[in-house]
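Colleague: Whatever this is, show me its structure:
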Amino acid sequence: MNQIAKNIYRYRKEKGLTQEKLLDIGCGEGRNAVFFARNGYDVTAFDISDAGIEKTKRLADHVGVEVNVFKADLLDFRYTIYKRNNFINR
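Modeller: Take a look at the predicted model:
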């Protein structure tokens, strides 16, 4: 887990904030996504790399947690979200 994720987790825990949904953008090998899933978060993660997606799935399976993982390019993902929520004028 990287230092930023550690700091976020520690801060939220100290403040008594409840676990929530978490979106891991560019999840890479999934270490942060799996860490948060192990600690009660509902995690969705995506990356552009097939290898990263597969590593994330294997790590989640190995640890015994559920992480919703899919492949996407950030620019395509943003377009889909905007379109789904009618933010794009037609």
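Colleague: in stretch 15-31, what counts as buried?
Modeller: For stretch 15-31, a neighbour-count test (16 or more other Cβ atoms under 10 Å) marks L22, D24, C27, G28, E29, G30, R31 as buried. For every residue, glycine as well, the C-beta is placed using N, CA and C.
Colleague: Look up phi and psi at the first one.
Modeller: Main-chain dihedrals, L22, degrees, to the nearest 10: phi -140, psi 130.
Colleague: Give me the subset of the buried residues of stretch 15-31 that lies in helices.
Modeller: Counting by DSSP state H, the buried residues of stretch 15-31 place R31 in helices.
Colleague: would you turn the buried residues of stretch 15-31 into a markdown table with distance to D61 and pLDDT?
Modeller: Listed next are the buried residues of stretch 15-31 as a markdown table, based on distance: Cβ to Cβ, whole Å; pLDDT from 0 to 100:
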| residue | distance to D61 | pLDDT |
| --- | --- | --- |
| L22 | 19 | 88 |
| D24 | 17 | 91 |
| C27 | 15 | 94 |
| G28 | 17 | 93 |
| E29 | 13 | 94 |
| G30 | 11 | 96 |
| R31 | 14 | 95 |
